[in-house]
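Participant: When you get a sec, could you give me coordinates for this:
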Amino acid sequence: MADWDAARYHRLSDPQVGWGRRVAARLAAAPGERVLDLGCGTGRLTAEIASRPGITVVGLDRSAAMLSQARPRSSSRADEGRAAAYVRGEGVALPLRAGIFDAVFSTATFHWIPDHEGLFGEVYRVLKPGARLVSQCGGGPNLQRLLERTHALMRDGRFSRWFPDWRDPWRFAGVSETEARLARIGFVDIKVSLEAAPTSLPDAVAFAEFISTVCVRHHVDKLPPRERDGFVAELAGRAAADDPPWTLDYWRLNIDARKRGV
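Facilitator: Modelled structure (predicted):
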């Protein structure tokens, strides 16, 4: 699977960063705390959190391209807790020692990790006793309208040959299943909620660029280059008739929980 176009994502990720800043406000990191930004992307929010006095942040992402945008603020020894350190790794197999973080922060990432049980188990492992998880990801009916149209287009005779064994690369979990999963792992003080976050783009060109970079890039990558623009343009054309036009039906799953204390 092709890596992200990280420079393009960085330029287009204002909606994700805006949501993330509100999650960072919930985090309320305090001086002396060590925070893991799980799925840090290009490091925009990582750097903002690390800029606060006395806070150490480790940004982790599986994408080498994303980390190449964040590397100017990197350290080769992320588990030693130097501010704005970056490390490559998987959410279900964190390359970090157990019990070293006061908080795990994450935005726009968990839905890209199908194994939520394994993910939350790893988060629990790296947290100190009594430490917290503060996160947000896509959940519930996230992007349902766009994805229904995308799946219909994939079944169209013009494109179906390129998607013979297609599986969506994400998991948009609901509230109750997430609460139950966190409780099974051992988390306490669990709070999970869904919120609508519709996001409008100014025109068809902006909509097409955004969805091809952020939302349906895995689908587009399956197509030969000659078919990609037409596929995305058709999705943008259908969105033009929406009210308001070129609006993505985002839903965010907010997750707050705490590791059981000693």
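
Participant: What's the biggest strand in this structure, counting residues?
Facilitator: Using DSSP state E, we find that the single longest strand of the chain is strand 127-138.

Participant: Could you give me the buried positions within that one?
Facilitator: Neighbour-count burial for strand 127-138 flags 127, 128, 131, 132, 133, 134, 135, 136, 137, 138 (criterion: 16 or more other C-beta atoms under 10 Å). Backbone N, C-alpha and C define where each C-beta goes, glycine included.

Participant: didn't residue 96 look like it was pressed against residue 85?
Facilitator: No. The criterion here is C-beta atoms under 8 Å, and residue 96 misses it with residue 85 at 10.7 Å.

Participant: Have a look at these two and say which one is more surrounded.
Facilitator: residue 85 (22 against 19; other C-beta atoms under 10 Å).

Participant: which residues does the more buried one bridge with?
Facilitator: residue 58 (DSSP bridges).

Participant: and it, what pLDDT?
Facilitator: pLDDT, residue 85: 89.

Participant: what do you get for residue 76?
Facilitator: pLDDT, read off for residue 76, is 38.

Participant: hmm, back to that, what's the closest of the buried residues of strand 127-138 to residue 230?
Facilitator: Nearest to residue 230, judged by C-beta to C-beta, of the buried residues of strand 127-138 is residue 138 at 26.4 Å.

Participant: Would you agree that closest one is in contact with residue 249?
Facilitator: No. Contact status for residue 138 versus residue 249: not in contact, 10.7 Å apart, counting by C-beta under 8 Å.

Participant: Which parts of the chain are strands?
Facilitator: Using DSSP E, strands in the chain cover 34-38, 56-61, 85-88, 101-107, 127-138, 188-196, 199-200, 247-248, 251-258.
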